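In: got a predicted structure plus its sequence, pasted below:
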Amino acid sequence: MKKALLIVAAILGLAVVASAQPRALGIRAGYGAELSYQHTLGGQNFIEADLGWALGNPGGLDLGLSYDFIIAPLGPLNFYAGPSAQAWMWFGESSGFGVGVGAQLGLEYTFSFPLQLSLDWRPLFTILPATGFGWSSFGLGIRYAF
């Protein structure tokens with residue numbers, strides 16, 4: 001548990017001290033709810049860090065980090081893709097920890113006022129506790145852009 005909290009603190013700390021703009025902060029809803037932060041790294045690249053609560057029995061914490069490239073910029077509409085990594089813990093009768101790598105594919109629209117909407121998909125290859133592949137991680141993001 002201490003290692004997981006340390007990882008979460010380190011990733012969020014890196015996101016806070018980065019100096020590029022613009023940024024976006026909000027929520028991403030899918031199988032659970034996540035606090036979502038995007039940070040532009042200059043040009044057509046950005047990172048996204050998500051910390052959330054997974055639904056289900058058992059429920060748990062989820063941390064995702066992706067490095068995305070804007071593939072098709074169409075004014076306020078962007079199509080993006082990039083590699084991602086996730087770590088999660090679940091709670092209940094049999095608590096555990098998992099890690100996976102995958103990708104993020106998405107479409108986002110930033111309005112003329114500070115609102116950003118996104119729809120994304122995160123296929124994931126699970127490394128721990130057992131190897132496997134998941135196709136079903138879709139999410140809708142609503143963020144305040146600043």
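Out: Ah, there it is.

In: which strand or helix spans the most centrally placed residue in the chain?
Out: When the chain is reduced to its mean C-alpha position, the closest residue under C-alpha atoms, centre = their mean turns out to be residue 50, at 3.9 Å. When elements are defined using DSSP states H and E, residue 50 is found to belong to strand 45-54.

In: buried stuff in that strand?
Out: Applying a neighbour-count criterion of 16 or more other C-beta atoms under 10 Å, one finds 46, 47, 48, 49, 50, 51, 52, 54 buried in strand 45-54. (Glycine included, C-beta is placed from N, CA and C.)

In: returning to what we had before: show me the contacts for the residue nearest to the centre of the chain.
Out: With contacts taken as C-beta atoms under 8 Å, 6 or more residues apart in numbering, residue 50 has the following neighbours: 28, 34, 35, 36, 37, 62, 63, 64, 65.

In: for ChimeraX, what selects the buried ones among those?
Out: Only the buried entries of these go into this ChimeraX selection, using 16+ other C-beta under 10 Å:
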select :28,34,36,37,62,63,64,65
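
In: helix or strand with the lowest mean pLDDT in the chain?
Out: helix 2-17 (a mean of 51; mean pLDDT, DSSP states H and E).

In: sheet partners, orientation included, of whatever helix or strand comes next after that one?
Out: From helix 2-17 onward toward the C-terminus, using DSSP H and E, the following helix or strand is strand 23-29. Using DSSP bridges, strand 23-29 pairs in its sheet with strand 32-42 (antiparallel), strand 138-145 (antiparallel).

In: looking at the ones you listed, spot the one closest to residue 129.
Out: Distances from residue 129 to each of those were compared using C-beta to C-beta; the minimum, 19.0 Å, belongs to strand 32-42.
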